[in-house]
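Visitor: Got a sequence here, can you model it:
(one chain, ligands or ions: 2)
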Amino acid sequence: MQQLIEKANVLMEALPYIKRFYGKTIVIKYGGNAMVEEPLKEGFAKDVILLKLIGLNPVIVHGGGPQIGKVLAQMGRKTDFVQGMRVTDSETMNVVEMVLGGKVNKEIVGNINHFGGNAVGLSGKDGNLILARKLEMKRLNPDTLTPEIIDVGMVGEVEQVNPAVLTALEQSNFIPVIAPVGVGRHGETYNINADLVAGRVAGALRAEKLILLTDVEGVKDKQGRLISTIDIAAVNGLIEDGTISGGMIPKISCCVDAVREGVQKTHIIDGRMEHACLLEIFTDKGIGTAVARFTS
Ligand SMILES: Nc1ncnc2c1ncn2[C@@H]1O[C@H](COP(=O)(O)OP(=O)(O)O)[C@@H](O)[C@H]1O
Ligand SMILES: CC(=O)N[C@@H](CCC(=O)OP(=O)(O)O)C(=O)O
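Guide: Ligands and ions are numbered 1, 2, ... in the order given. Next up, the predicted model:
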């Protein structure tokens, strides 16, 4: 009997959050282990279905870097990364589009639909969702110490998000699953980092939340302890003093951009944990690191 009451208490803990987030958009960047391990894949699909059925509006943006890397390796092609971006020539672009828009996207859509949801896969080309331009990447020349532009090929940055197709899908109760491929003004195809796409989609939709699933607990301090909240005003300092480095820099920067565009709260959470999204959204403590405007 006690156990049953505890179950009811757990459900009741979610009540104020369901009320608060009812009808609101939650953008989730799906990637890392959560997209590889079977129980986590199933758990994620079910979490998304639950969110939709209780009246939230989940929008999924997925990654797939390791999956692209695997196919390129099988083809005997090597890839280079510059500042976390895959150098993308036209043949690599074809593989990226095939893997992200094909296999990876359809597997996620298939899983959500298999467990009872109603997902639709799309890339940034569909409905002109993600208008992109070539990313101008700069670095300091180590010999001359002058800034120079490095050509990373068909790597794009988001110029504009046109959310009409997402609004139409929401009105028909579909769950959109977006591959991070963009289209240029002349119809060219761009490979875009998935975190950046998720941040801009969340901004364009004025989402209530942006959740980035990664393979660490969240943002950690120099002693390796989880930082549970970060004000956007503190982010630059944490980068400058070396607390935040490497792959965490683009992640937290995209959280800051999303907050500036009107997203209420962003979260970097551990996708290795089962039901990570539900634990973040529906519990008092939440998990991972919340990045937002905590002071006015
Ligand atoms: N302060 C920090 N807290 C947590 N991780 C950090 C921090 N600074 C750098 N990192 C690095 O950032 C990585 C996450 O970025 P990345 O590997 O690009 O994630 P993903 O593959 O999920 O997109 C962590 O594995 C860690 O090595
Ligand atoms: C330009 C660029 O690097 N694009 C990424 C797109 C996929 C991605 O971002 O996947 P993850 O989130 O799994 O890293 C790539 O080619 O790997």
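
Visitor: Indicate the residue of the stretch 101-250 of the chain located nearest to ligand 1.
Guide: In the stretch 101-250 of the chain, the residue found nearest to ligand 1 is Gly247; the distance is 2.2 Å by CB to the nearest ligand atom. Yep, even glycine has a C-beta here, placed from its N, CA and C like the rest.

Visitor: Hmm, that residue is touching Gly84, no?
Guide: Yes: Gly247 sits in contact with Gly84 when judged by CB atoms under 8 Å, with a separation of 6.1 Å.

Visitor: Those residues of the chain touching ligand 2, which are they?
Guide: When proximity is defined by CB under 6 Å from any ligand atom, the chain lies next to ligand 2 at 31, 63-65, 68, 85-86, 96, 155, 180, 191-194.

Visitor: please redo it, this time with the cut-off set to 5 Å
Guide: With CB under 5 Å from any ligand atom as the criterion, the chain meets ligand 2 at residues 31, 63, 65, 85-86, 155, 191, 193-194.

Visitor: farthest pair in the residues you listed?
Guide: With CB to CB as the measure, no two of those lie farther apart than Gly31 and Val155, at 17.4 Å.

Visitor: hmm, back to that, please list all residues in contact with the residue of the stretch 101-250 of the chain closest to ligand 1.
Guide: Gly84 (CB atoms under 8 Å, 6 or more residues apart in numbering).

Visitor: Which strands border the stretch of helix or strand Ile230 belongs to, and is each parallel or antiparallel?
Guide: Using DSSP states H and E, Ile230 sits in strand 229-231. Using DSSP bridges, the strands paired with strand 229-231 in its sheet are strand 289-292 (parallel).

Visitor: can you count the residues close to Leu15?
Guide: Under the neighbour criterion other CB atoms under 10 Å, Leu15 is assigned a count of 10.

Visitor: Quick check: which element contains it?
Guide: Secondary structure assignment for Leu15, by DSSP H and E: helix 2-21.

Visitor: Quick check: mean pLDDT of the helix or strand that that helix is followed by?
Guide: For helix 2-21, the following helix or strand on the C-terminal side (DSSP H and E) is strand 25-30. Along strand 25-30, the predicted local confidence has a mean pLDDT of 98.

Visitor: close to ligand 1, is strand 25-30?
Guide: No: applying CB under 5 Å from any ligand atom, one finds that strand 25-30 is not in contact with ligand 1, the shortest distance being 8.1 Å.

Visitor: From the contact counts, what lies against that strand?
Guide: Contact here means 3 or more CB pairs under 8 Å, 6 or more residues apart in numbering; DSSP states H and E; on that basis strand 25-30 packs against helix 38-53, strand 57-62, helix 194-204, strand 209-214.

Visitor: Report the distance from the longest one to the chain centre.
Guide: Taking the mean of its C-alpha atoms, helix 38-53 sits 16 Å from the chain's own mean (CA atoms, centre = their mean, to the nearest Å).

Visitor: mind listing what's buried in that helix?
Guide: Within helix 38-53, the residues scored as buried using 16 or more other CB atoms under 10 Å are 40-41, 43-52.

Visitor: List the beta-bridge partners for Pro176.
Guide: The residues listed as beta-bridge partners of Pro176 by DSSP bridges are Val120.

Visitor: same question, Asn57
Guide: Here Asn57, judged by DSSP bridges, has bridge partners Thr25.

Visitor: Turn the residues of the chain next to ligand 2 into TSV, including neighbour count and distance to Asp231.
Guide: Below are the residues of the chain next to ligand 2 laid out as TSV (neighbours: other CB atoms under 10 Å; distance: CB to CB, whole Å):
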residue	neighbour count	distance to Asp231
Gly31	25	25
Gly63	24	27
Gly65	19	29
Met85	21	28
Arg86	21	32
Val155	24	31
Asn191	25	32
Asn193	22	24
Ala194	22	25
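
Visitor: Let me know the closest of the residues you listed to Gly218.
Guide: Distance ranking of these against Gly218, using CB to CB, places Gly31 first at 15.0 Å.

Visitor: Turn the helices and strands packed on strand 25-30 into CSV, columns for distance to Ile150 and mean pLDDT.
Guide: Listed next are those as CSV, based on distance: least, CB to CB, whole Å; pLDDT from 0 to 100:
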stretch, distance to Ile150, mean pLDDT
helix 38-53, 35, 96
strand 57-62, 26, 98
helix 194-204, 17, 97
strand 209-214, 26, 97
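
Visitor: Okay then, goodbye and thanks.
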